[in-house]
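Visitor: generate coordinates for the sequence data below:
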Amino acid sequence: MKTARAAMQAAALCFAASPAFAVSTHKVYNSGILVLVFLGFCALVVVSQLIPSIVLLVGMLKEAAQGMKEKKAVTQTAGTNSFFDKNR
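Guide: Coordinates of the predicted model:
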């Protein structure tokens, strides 16, 4: 039983270590200059759309931070002039 198990493990190890014959990797890159120009143009479009969105995000975060400051100031001043403070 142990010899059969050892033989099966050895066979599995040999089959797992063999290279994949379906793919030939001797050619790595065979595209022309037009493919590179197209990919560069795509990258340019993506970056040109990212810049305004980042600027908009920063503006929204600043506005939210300013709104939180104003809300905190309002609640602090409202807390000192509340109905319960006057009737003590």
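Visitor: please, where are all the helices along this structure?
Guide: Under the criterion DSSP state H, the chain contains helices at 2-17, 33-80, 83-86.
Visitor: okay, these in a markdown table with mean neighbour count next?
Guide: Backbone N, C-alpha and C define where each C-beta goes, glycine included. Listed next are those as a markdown table, based on neighbours: other Cβ atoms under 10 Å:
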| stretch | mean neighbour count |
| --- | --- |
| helix 2-17 | 9 |
| helix 33-80 | 10 |
| helix 83-86 | 7 |
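Visitor: comparing those helices by mean pLDDT, which bottoms out?
Guide: Lowest mean pLDDT within these: helix 83-86, a mean of 58.
Visitor: contacts only, for residue 10.
Guide: Not one residue lies near residue 10 by Cβ atoms under 8 Å, 6 or more residues apart in numbering.
Visitor: with residue 3 as the reference, measure out to it.
Guide: For residue 10, the distance to residue 3 (Cβ to Cβ, to the nearest Å) stands at 10 Å.
Visitor: residue 64 now?
Guide: 71 Å.
Visitor: and if you look at residue 30?
Guide: Residue 30 is 50 Å from residue 3, by Cβ to Cβ.
Visitor: could you do residue 74 as well?
Guide: With Cβ to Cβ as the criterion, residue 74 and residue 3 are 83 Å apart.
Visitor: got it, and residue 56?
Guide: Residue 56 is 70 Å from residue 3, where distance means Cβ to Cβ.
Visitor: what's in contact with stretch 46-55?
Guide: Residues contacting stretch 46-55 (Cβ under 8 Å, 6+ apart): none.
Visitor: only alpha carbons, please: show that stretch as CSV.
Guide: The C-alpha trace of stretch 46-55 is given here as CSV (Å, rounded to 0.1, in the frame of the first residue of the first chain):
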residue,chain,number,x,y,z
VAL,A,46,-7.2,57.9,-19.2
VAL,A,47,-4.8,60.4,-17.6
SER,A,48,-6.7,63.4,-19.1
GLN,A,49,-9.9,62.1,-17.5
LEU,A,50,-8.2,61.4,-14.1
ILE,A,51,-6.9,65.0,-13.6
PRO,A,52,-10.3,66.8,-13.5
SER,A,53,-11.8,64.0,-11.4
ILE,A,54,-9.0,64.4,-8.8
VAL,A,55,-9.5,68.2,-8.8
